[in-house]
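Q: the following block contains a protein sequence and its predicted model.
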Amino acid sequence: MLEETLGFEPGTLSPVVPVVTTLLIALFVIGLLYRLVGLVF
């Protein structure tokens, strides 16, 4: 999906995309946890 949108050849971004998405999801989850902890305490 990303490769087609950005115009890269298929396979160039394949090792990078899962890592970046996992990092973004992890940052999002950590931010949510910080907000929840801030609400609780």
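A: Good, I have the coordinates. Numbering: from 1, shown residues only.
Q: the bottom helix or strand of this protein by mean pLDDT?
A: Ranked by mean pLDDT, DSSP states H and E, the weakest helix or strand in the chain is helix 2-6, scoring a mean of 51.
Q: for this protein, give me the ranges with low pLDDT.
A: Confidence mapping of the chain against pLDDT under 70 gives the ranges 1-13.
Q: now do Val37 against Phe28, distance only.
A: Val37 is 15 Å from Phe28, where distance means Cβ to Cβ, to the nearest Å. Placement of C-beta: from N, CA and C, glycine included.
Q: any idea which helix is longest in the chain?
A: Ordering each helix of the chain by length in residues (DSSP state H) puts helix 16-40 first.
Q: show me which positions of that one end up buried.
A: Buried residues in helix 16-40, counting neighbours by 16 or more other Cβ atoms under 10 Å, are absent.
Q: same for it, what does it pack against?
A: On a contact count with 3 or more Cβ pairs under 8 Å, 6 or more residues apart in numbering; DSSP states H and E, helix 16-40 meets no helix or strand.
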